[in-house]
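Below is the sequence, then the predicted model.
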Amino acid sequence: MKEKLEQILREKAIKSVYHPIVSLTDGSVLGYEALSRITLNDCDFNIGEAFLLAEKYKILWDFEKLCK
């Protein structure tokens, strides 16, 4: 799994997507939620698991930086 995380970092295989946060009262956009998606086709874990693994393998800062 560490190798897969290193591959994600090497290939910059993270895509950020932004979803609007909309008021249910009037439909106005209050802000945006930023989400990260792994773009490797053969990745066996999701983004939440990737963050836990990155912490375990002491590469969390690099992983967070790529997501930003």
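Good, I have the coordinates.

Show me where this structure has its helices.
2-11, 47-56, 60-67 (DSSP state H).

neighbouring contacts of the shortest one?
Contacts to helix 60-67, defined as Cβ atoms under 8 Å, 6 or more residues apart in numbering, come from residues 5, 8-9, 12, 14, 16, 36, 50-51, 54. In this view, the C-beta of every residue, glycine as well, is placed from N, C-alpha and C.

If we use 6 Å, what do you get?
Helix 60-67 is contacted by residues 9, 14, 36, 54 when judged by Cβ atoms under 6 Å, 6 or more residues apart in numbering.

which of those sit farthest apart?
The distance between the two most remote of these (Cβ to Cβ) is 12.9 Å, for Leu9 and Ser36.

quick revisit: need the helices of the chain in JSON lines with distance to Thr25, can you?
JSON lines is the format used below for the helices of the chain (distance: least, Cβ to Cβ, whole Å):
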{"stretch": "helix 2-11", "distance to Thr25": "40"}
{"stretch": "helix 47-56", "distance to Thr25": "31"}
{"stretch": "helix 60-67", "distance to Thr25": "32"}
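
Just send the ones you listed back as a markdown table, with mean pLDDT and mean neighbour count too.
Conversion of the helices of the chain to a markdown table gives the following (pLDDT from 0 to 100; neighbours: other Cβ atoms under 10 Å):
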| stretch | mean pLDDT | mean neighbour count |
| --- | --- | --- |
| helix 2-11 | 94 | 14 |
| helix 47-56 | 95 | 15 |
| helix 60-67 | 92 | 14 |
